[in-house]
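A.B. asks: Pasting a predicted model and its sequence here:
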Amino acid sequence: AAGVGVMAASSLTFSPIPVAEADAVYALETEGFPEDEAATMEKIVMRLTRASRYCLGAYDSGCLVGYVLATLARGAELTHESMSEHHEDGETLCIHSVCVSQSRRRQGIALALLKVYIANIRREPQTVKRIALIAREQNGALYEKAGFTKKGLSHVVHGVEPWMDYVLELS
């Protein structure tokens, strides 16, 4: 199965997501997350507009099949407030969504996307000191493979189930 994932991920291209593709992002977001967790169209447009350099799409033959959306926050921790803001001078890059089309899951796309994303962030001369995200415990292995460390139960409440904090220190 691992070989299949490598083949599937190798045909992908990764590039910034134009705001004109907000509808495609929203379609994947609502397919991939429960209603009480999915970002609204308004938040997606805000992230693609104000934090465009921190949003990356995975494309197969020009079609969006996955993405990472993030914003910058001040301070060292991802908080409920930081989930709805973007501060260009922030030092913590907060990943809000890592999402892959349901028909393309379990093919290595999310891990490939995260690895490209992290490499891009590391190459940029900037003030980002860490990348932080919250995830369900059952998805933790993906983030740990990408280099994140589980910090424990998150203080962020979003939806019904508890979240775990994951951090990747860049410095």
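C.D. replies: Yes, it's here.
A.B. asks: what residues are up against residue 133?
C.D. replies: The contact partners of residue 133, by Cβ atoms under 8 Å, 6 or more residues apart in numbering, come to 78, 94-96, 98, 143, 148, 165-166. Every residue, glycine included, has its C-beta placed from N, CA and C.
A.B. asks: Now do the buried residues in the stretch of helix or strand residue 122 belongs to.
C.D. replies: Assessed by DSSP states H and E, residue 122 sits inside helix 109-123. By neighbour count on 16 or more other Cβ atoms under 10 Å, the buried set for helix 109-123 is 109-118, 121.
A.B. asks: Of these, just say which sits nearest to residue 87.
C.D. replies: residue 121 (16.1 Å; Cβ to Cβ).
A.B. asks: State which strand of the chain is the longest.
C.D. replies: strand 63-73 (DSSP state E).
A.B. asks: what angle do that one and helix 109-123 make?
C.D. replies: Counting by axes from the mean of the first three to the mean of the last three Cα atoms, to 10 degrees, strand 63-73 lies at 40 degrees to helix 109-123.
A.B. asks: buried residues in strand 63-73?
C.D. replies: Neighbour count says strand 63-73 has 64-73 buried, by 16+ other Cβ under 10 Å.
A.B. asks: of all those residues, which comes closest to residue 48?
C.D. replies: Nearest to residue 48 among those, with distances taken as Cβ to Cβ, is residue 69, at 7.5 Å.
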